[in-house]
Every structure is written in structure tokens, then in C-alpha cells.
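1. Structural data only, the sequence is not supplied:
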């Protein structure tokens, strides 16, 4: 990361940011976080130029509040606006400058935006077991289809984020009699690798992909050219969402337009809750530190099991 592409940074600010820009410091943040910093920095720089305001650090609390209000008026989600504020805060802290977003005027601006807009986040559509079965019943037998099925099944069993899927390597998999063990580092929750389990279907699918693609080591899920050949290049996180949308179309899923890279994680969480598995084990499988996300992903299932649903069922 440069400095989130803020233009015209004063020389002393650049000097203060330079030590943090070293490779060792950058490894402390995920690729998604670094990308968010770049996007948020660009957004502020573009807005500042449109207003005739200097985009260089430090910025005043009034400028920060005005920028966040403009983002709200542009229709951005509350979560994205909060992330914009977090980026501004981080950049000021890294440069050892006063944080404008800690000022009460900015805090109250964010609170007002949340009250006005609401804080419910749009949830990715779930790619459940039923969806996966529909896709497998309709998908072809090309090498690309083989890869996409393996990616879908492995991603579901691991409740994986896109960034975690694209980082998987052959050496991370250890075959067992009933599936495979996978060493994986949760990008948002841990700096250490943990071992997770995938079932026999997912293990067989990834074995078939590796054998047909003649991949012996290194990255598991790789890009393919138009002729159907396998390259050495890893898929990027955006590729995951694109692939899942494509297989959702193949499977004629009703909610195919809403499928995204996060759909595997949401879908498997819902399947685990529907199977009456305990929350603690679901949290372990998904790498969650609290039950909040499990509850959020499975809210529709909980509603169907609530008192009102039971009352009507008894009638």
C-alpha cells in the first residue's frame, strides 16, 4: 500500500508513513484491508478535489464529517461509510497525526447516518446443499466444470471466504478415510493456520480436479485460458464470485443474480444450523469468535422455528 493514494501528502507525513509501508508491516493486514484502504483513499481524494478542498493529511473534523455525509447522500451503505471513517482514522494514526474521526462532530455524524439509514447489511444469497445438488445435476464434464465443482464443494465445507479459497495449496490437504483435513488460515480472525475437515464428496472433487489438471503441488484453484488450458496463475477473489454466479446460472437457481463469493459461507452456515448442530461447533468451523454472525446468517431459519411458526403448525 502506498498511502491510500492520497494526493499531495506533505513530506513529513510521507516520511511518517514510510516505515509502515515496509513488507513486514504490510503482512499484518489482509489483502482485502489493503484494497479497502486504497479504495477509501481514492474516494476521499476524488471528493476533496470536487469540493476544492486540500486532500492532504491532516484533515479537519468538519471536512471528515462533510465527506461522510456526502458518501451517505451518494447511497453508500452504512457499513461502507463506517469503513471510510476507519480508513481516515488509520491513516492519521499511522502518520502520528490527530485523528479527526475521534472528534464528537464526526462520531455524531456517523451515529446520525446510522439512525437515518439503518444498519442492516445486505446479506449474500446462500448457496446451500440443495443449490449445490442442482448445480451438479446440470453442470457439464469439461475441465473447467470439474474445477468449478471442486471449488464450490471445498468452499462450502470450509465455510471459506474468497481470499481463503484462492490461497489454498495442494500441500494443505491431507487425505483421510472419510474426506480430507485442510490446513487453512482464516484471513480475518487468525495469524495461524488451523485444521478443518472436508467431506468425501469435496475431497473426491478436488482430487479429480488436481488429477485432470495435472497439478502436483502449489496452488489448487488456478485460472484457465479460453482454450481450456490450466495456467500457473491463481484465481483472484473477484474470480470466485464470477465463477459462482456462472454455476448458479447453470443450476437454474432462482436467486442466481444475488450469488456472490460469500454465498458458500452463508449457505453452509445455514445448512449446519438446519441440521441442529450446536453453535459452538459451527463457530469453530467458520472461524467465528462470537455467535453473532451465525445468528445473522441463520435468521430466516430461526424465524421458521420460532413460537409463532410453531403455533401455526399446531393449528
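-> Good, I have the coordinates. Predicted, not measured: the structure shown is a model, and the values here were computed from it. Numbers count the residues shown, from 1 in each chain.
2. Over to the nearest residue in space to residue 258 that is not next to it in sequence. Which of the three states is it?
-> The spatial neighbour of residue 258 that comes closest, neighbours along the chain excluded (C-beta to C-beta, 6 or more residues apart in numbering), is residue 125 at 3.6 Å. Any C-beta I mention is one placed from the backbone N, CA and C, and that applies to glycine too. Using DSSP: H, G, I helix; E, B strand; the rest coil, the structure places residue 125 in coil.
3. On the pLDDT front, check residue 125 for me.
-> Note for residue 125: predicted pLDDT of 87.
4. what sits against it?
-> 255, 258-260, 263, 266 (C-beta atoms under 8 Å, 6 or more residues apart in numbering).
5. Also residue 168?
-> With contact set as C-beta under 8 Å, 6+ apart, residue 168 has these partners: 154, 182, 184, 219-221.
6. Same list, those, but as CSV with pLDDT and neighbour count please.
-> Listed next are the contacts of residue 168 as CSV, based on pLDDT from 0 to 100; neighbours: other C-beta atoms under 10 Å:
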residue, pLDDT, neighbour count
154, 97, 26
182, 96, 24
184, 91, 21
219, 95, 17
220, 96, 26
221, 96, 24
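7. Let's see which of the residues you listed end up in helices.
-> residue 154 (DSSP state H).
8. any idea which of the contacts of residue 168 is the one closest to residue 78?
-> The shortest approach to residue 78 among the contacts of residue 168 belongs to residue 184, at 30.6 Å (C-beta to C-beta).
9. and stretch 133-149, which residues are buried?
-> 134-136, 139, 144-149 (16 or more other C-beta atoms under 10 Å).
10. which non-adjacent residue is nearest residue 181?
-> Residue nearest to residue 181 in three dimensions, not counting chain neighbours: residue 174, with 4.5 Å by C-beta to C-beta, 6+ apart.
11. Next up, phi/psi of residue 73, please.
-> The phi and psi values for residue 73, taken as degrees, to the nearest 10, are phi -60, psi -30.
12. count of residues packed around it?
-> By the criterion of other C-beta atoms under 10 Å, residue 73 has 9 neighbours.
13. and stretch 113-131, how far apart are its ends?
-> Distance across stretch 113-131, first residue to last, is 37 Å (C-alpha to C-alpha, to the nearest Å).
14. what about the strands in the stretch 101-250 of the chain?
-> Using DSSP state E, counting those that start in this stretch, the strands found in the stretch 101-250 of the chain span residues 173-176, 179-185, 193-199, 222-224, 230-234.
15. Let me have the ones you listed in CSV, extended by distance to residue 273.
-> As requested, those are exported to CSV (distance: least, C-beta to C-beta, whole Å):
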stretch, distance to residue 273
strand 173-176, 25
strand 179-185, 21
strand 193-199, 17
strand 222-224, 33
strand 230-234, 32
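16. For residue 284, which of those strands is the nearest?
-> Here strand 193-199 is closest among the strands of the stretch 101-250 of the chain (C-beta to C-beta), at 8.7 Å.
17. what's the closest one packed up against?
-> Based on contacts counted as 3 or more C-beta pairs under 8 Å, 6 or more residues apart in numbering; DSSP states H and E, the elements that strand 193-199 packs against are helix 143-157, strand 179-185.
18. residues of that strand that come out buried?
-> 196, 198.
19. what does stretch 212-224 give?
-> Quick answer for stretch 212-224 (16+ other C-beta under 10 Å): 213, 215, 219-224.
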